[in-house]
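[1] coordinates for the following, if possible.
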Amino acid sequence: MPRPRKCRRICSLPRYNLFTPANPRDANFTVTLTVDEFETIRLIDHEGLLQEECGKKMQIARTTVQLIYSTARRKLAEALVNGANIEIKGGDYQLCSQEPDQCCCPTPCSHRACLPPA
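    Residues are numbered from 1 along each chain as shown. This next block holds a predicted model:
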């Protein structure tokens, strides 16, 4: 029996969950990116974190981050090369509590409530 999947911690849901090319070849061709895959792309490529740092923030192992990141990049490449829609939904994740004393992130996340008071 396989081990149950561990929920990945994310700081917030994406602001946008659907991207469509200007000239789609096939309106029905959609690549689905999970929320946890989006979070790894955001943390590694946008925030510039290392995979190990990303793992700490998401409370998962670096090797798990590497697998999620690899899958996410493959999906993004497929969508860009083939002119597909990109939809962000689903996945195994747990949203940050947004409470300062219960913030899930070991380092400050993007929620104002999780940031230390000024």
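[2] what helices or strands is the longest helix anywhere in the chain leaning on?
    Scanning the chain for the helix with the most residues, using DSSP state H, yields helix 62-82. Judged by 3 or more CB pairs under 8 Å, 6 or more residues apart in numbering; DSSP states H and E, helix 62-82 is in contact with strand 30-33, helix 35-41, helix 51-58, strand 85-88. C-beta: built from backbone N, CA, C; applies to glycine.
[3] give me the contacts around the first one.
    Under the contact criterion CB atoms under 8 Å, 6 or more residues apart in numbering, strand 30-33 has outside partners 41, 72, 75-76, 78-79, 84-90.
[4] show me where this protein dips below the pLDDT cut-off.
    5, 26-27, 97-118 (pLDDT under 70).
[5] again, only using 80
    Applying pLDDT under 80 to the chain flags the ranges 1-7, 24-28, 96-118.
[6] return the most buried member of the helices and strands packed on helix 62-82.
    Highest mean neighbour count among these (mean count of other CB atoms under 10 Å): helix 35-41, with a mean of 24.
[7] grab the most central residue of the protein for me.
    Central residue of the chain (CA atoms, centre = their mean): Glu39, 1.8 Å from the mean position.
[8] about what we covered before: got the buried residues for the longest helix of the chain?
    64-66, 68-69, 72, 75-76, 79 (16 or more other CB atoms under 10 Å).
[9] and the residue nearest to Val35 when sequence neighbours are not counted, what does it touch?
    Once flanking residues are discounted, Val35 sits nearest to Gly91: 4.5 Å by CB to CB, 6 or more residues apart in numbering. For Gly91, the contacting residues are 8, 34-37, by CB under 8 Å, 6+ apart.
[10] ok, so of the residues you listed, who is nearest Leu95?
    Nearest to Leu95 out of the contacts of Gly91 is Val35 (CB to CB; 8.9 Å).
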